[in-house]
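Here is my input, please return the structure:
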Amino acid sequence: MANAAARPCSKGAIAAARADPACAASAKPWVLTATILASSIAYIDESVVNVALPAIETDLATTVVVIQWIINGYTLCLSAFLLVGGAAGDRFGRRRLFVIGLSVFAAASLWCGFSPSITQLISARAVQGLGAALLIPSSLALIGAMFDENERGKAIGTWAGFSALAAAAGPLLGGWIVDHFSWRWIFLINPLLALPTIWIAYLRVPETRDPDAKSGLDWPGTLLALASLSSFAYGLMTWPASGWNDSLVLTSLFGGLALFVAFLWVEYRSRAPILPLALFFRSRAFSAVNLLTLLLYSALGGALFFVPFALIQVHGYPATLAGAAFLPFTIIMAGLSRWAGGLLDRFGARLPLIVGPAIAAVGFGLMALTVPRGPYFVFLLPIVVLGFGMVISVAPLTTTVMNSVPVHQAGVASGINNAVASVANLLAVAILGAVALAVLDHALDQQLATDLSSVVKQALSRARDSFVVEPSLAGLQAADRQIAEEIIKSALAESMQVAMFIAAALALAGAAVGGLIPRSIEQPK
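Residues are numbered from 1 along each chain as shown. All right, here's what the predicted structure looks like:
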């Protein structure tokens, strides 16, 4: 029996693994290890880039609108292809898509690190998004397939805890790298983690797929989703500079809406849709939890985009300290995620998904109050509160998604929920970024109308449409520099404060949606 327990699962189907208890038992730790490592790579990269954005904007001499595409180029491809990635994993094999996605992500990371221009960096980030779209839903689907319903909550809690640990530790590591080396090095750590993860997946993780998966993949739906999101994002990010009346802004926004309607029509008619609309109509829990995901992750994505700019540009802290500010979040998520995974069994889905987003809303509100003032330690309190809110929310939210659909549709459900979270991040960066830029420019315009010296006014004009302070101050003498710097930082703090209050409102709306989730959820067959 000892030898049987030690051998890895070698059969291709999950049914075979479950038929051999020793095989299944030996595979489960490896499944968790591989999925945690792979998800950590994606989440480290996603979180560490935010800390590097001010350095990238300065080094490549670009604007904040272009910088937003470093985030949104990744998020666009991630959002659109997550849906087809989940479906492809169910059909062709979740382990296969997992390995392909991880390989693409690692190769694109090398491209990011050696990109000579902003155009190539954005292109490489888009390819990274494609790789992440294949590996992330496959990670959760592998867990859903290998662990039964009684074990799934704790398994997902463990996965969420370690993934959150990696995501939150990323900014500290990235800040240190930016301060001491170059932002380019933050992308080059990914291949070092990818290689052992691929080795584990090939040798120790059994292949799983949905035997009832329909043939064909919904490429028309995927391309319409990508086009719709791209059009929306372009219109929203162009709005601050061009205004609502600009024909290109209006064309982009209304074009995005038309493409989204076309996407829904294609999904309704498709034999193998990437977004099975029936899942939303069949399960109130699935619909509500995805709406909650949209609201809560919009708030989180917007806040994480602005926090490094607030700490580095408004208060002048080095990137290392800006990254270290997330350590309380790291400790809370890593230490309590496994416990939070059991909240669903003890209290049902509704209570954690009301309380968690409500606490997160308090954290975002406190962030808004601390942006303009306070020493470094004052910023830690909102992040502690946010950590408690998110740890209560994440594992019950993910488990509810998996438990509200039949087990054979785990890949599709995981892909949909991760796509919703990615769309939330995309819209948050675009919308909150546009709002913050509009507030910033308005505040600077008000100062331009006052009695200031011509050189100070020139500096304020240069500061428009940018979240980086230093380039606008070039060439100023000490007295004029101090005046201009105080005005620009005050306007920047005001813009980010508005964005944080909007994030708090989104999280509070998510708590209200949590009240729509049934107290108990029975997994459909």
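
Touching, Ala141 and Val205? I think so.
No: contact criterion CB atoms under 8 Å: Ala141 and Val205 do not qualify, at 11.8 Å. Bear in mind the C-beta positions are built from the backbone N, C-alpha and C, glycine included.

So between the two, which is more surrounded?
In terms of neighbours (other CB atoms under 10 Å), Ala141 is the more surrounded of Ala141 and Val205; the figures are 31 against 25.

Report the distance from the helix or strand hosting the more buried one to the chain centre.
Taking DSSP states H and E as the definition, Ala141 sits inside helix 118-146. Relative to the chain's own centre, helix 118-146 is displaced by 11 Å; criterion: CA atoms, centre = their mean, to the nearest Å.

Repeat that for stretch 252-268.
Centre-to-centre, stretch 252-268 and its host chain are 23 Å apart (CA atoms, centre = their mean).

buried sites along that stretch?
Of the residues in stretch 252-268, 252-253, 255-256, 259-260, 263, 266-267 count as buried by neighbour count, 16 or more other CB atoms under 10 Å.

ok, back up a step: what packs against the helix holding Ala141?
With contacts defined as 3 or more CB pairs under 8 Å, 6 or more residues apart in numbering; DSSP states H and E, helix 118-146 has these neighbours: helix 14-19, helix 21-59, helix 64-92, helix 94-113, helix 149-180, helix 380-403, helix 410-448.

what angle do that helix and helix 21-59 make?
Helix 118-146 runs at 160 degrees relative to helix 21-59, counting by axes from the mean of the first three to the mean of the last three CA atoms, to 10 degrees.

List the buried residues for helix 118-146?
Those would be 118, 121-146, for helix 118-146 by 16+ other CB under 10 Å.

Worst mean pLDDT across the helices and strands of this structure, which element?
helix 2-6 (a mean of 37; mean pLDDT, DSSP states H and E).

and the helix or strand where Ala484 lies, how far from the chain's centre?
Assigned by DSSP H and E, Ala484 belongs to helix 478-514. Distance, stretch centre to chain centre, for helix 478-514: 21 Å (CA atoms, centre = their mean).

on contacts alone, who are the packing partners of that helix?
Using 3+ CB pairs under 8 Å, 6+ apart, helix 478-514 sits against helix 284-309, helix 350-370, helix 410-448, helix 454-462.

The last one: how far from the chain's middle?
What separates the centre of helix 454-462 from the centre of its chain is 36 Å, taken as CA atoms, centre = their mean.

what's the answer for the first one, then?
Mean C-alpha position of helix 284-309 versus that of the full chain (CA atoms, centre = their mean) differs by 9 Å.

So what touches the following helix or strand past it?
Following helix 284-309 in sequence order, the next helix or strand is helix 319-324 (DSSP H and E). For helix 319-324, contacts defined as CB atoms under 8 Å, 6 or more residues apart in numbering pick out 48, 51-52, 54-55, 170-176, 178-179, 307-308, 311-312, 376.

Which helix or which strand is home to Leu257?
Short version: Leu257 belongs to helix 247-269, going by DSSP H and E.

packing partners for that helix?
On a contact count with 3+ CB pairs under 8 Å, 6+ apart, helix 247-269 meets helix 219-242, helix 277-282.

could you redo these as a markdown table and give each row distance to Asn72, mean neighbour count and mean pLDDT?
Converted to a markdown table, those look like this (distance: least, CB to CB, whole Å; neighbours: other CB atoms under 10 Å; pLDDT from 0 to 100):
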| stretch | distance to Asn72 | mean neighbour count | mean pLDDT |
| --- | --- | --- | --- |
| helix 219-242 | 5 | 21 | 77 |
| helix 277-282 | 26 | 14 | 70 |
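
Make TSV from those helices and add distance to Leu437 to it.
Listed next are these as TSV, based on distance: least, CB to CB, whole Å:
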stretch	distance to Leu437
helix 219-242	4
helix 277-282	34
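
Select, out of those, the one closest to Ala438.
With CB to CB as the criterion, Ala438 lies closest to helix 219-242 of the helices and strands packed on helix 247-269, at 5.0 Å.

Check the offset of the closest one from the chain's centre.
18 Å.

Determine the angle, from 0 to 180 degrees, between that helix and helix 118-146.
130 degrees.

hang on, the earlier thing: the inter-axis angle of the helix holding Ala141 versus helix 94-113?
160 degrees.

and helix 118-146, what's its mean pLDDT?
The pLDDT scores in helix 118-146 average 83.

Can you say which of the contacts of helix 319-324 are buried?
By 16+ other CB under 10 Å, the contacts of helix 319-324 give 48, 51-52, 54-55, 170-176, 178, 307-308, 311-312 as buried.

and Ser490, how many neighbours does it have?
Ser490: 15 neighbours (other CB under 10 Å).

where's the closest residue to Leu351 other than its chain neighbours relative to Ser404, distance?
With sequence-adjacent residues excluded and distances taken as CB to CB, 6 or more residues apart in numbering, Leu351 is closest to Leu343, at 7.8 Å. Distance of Leu343 to Ser404, given as CB to CB, to the nearest Å: 16 Å.
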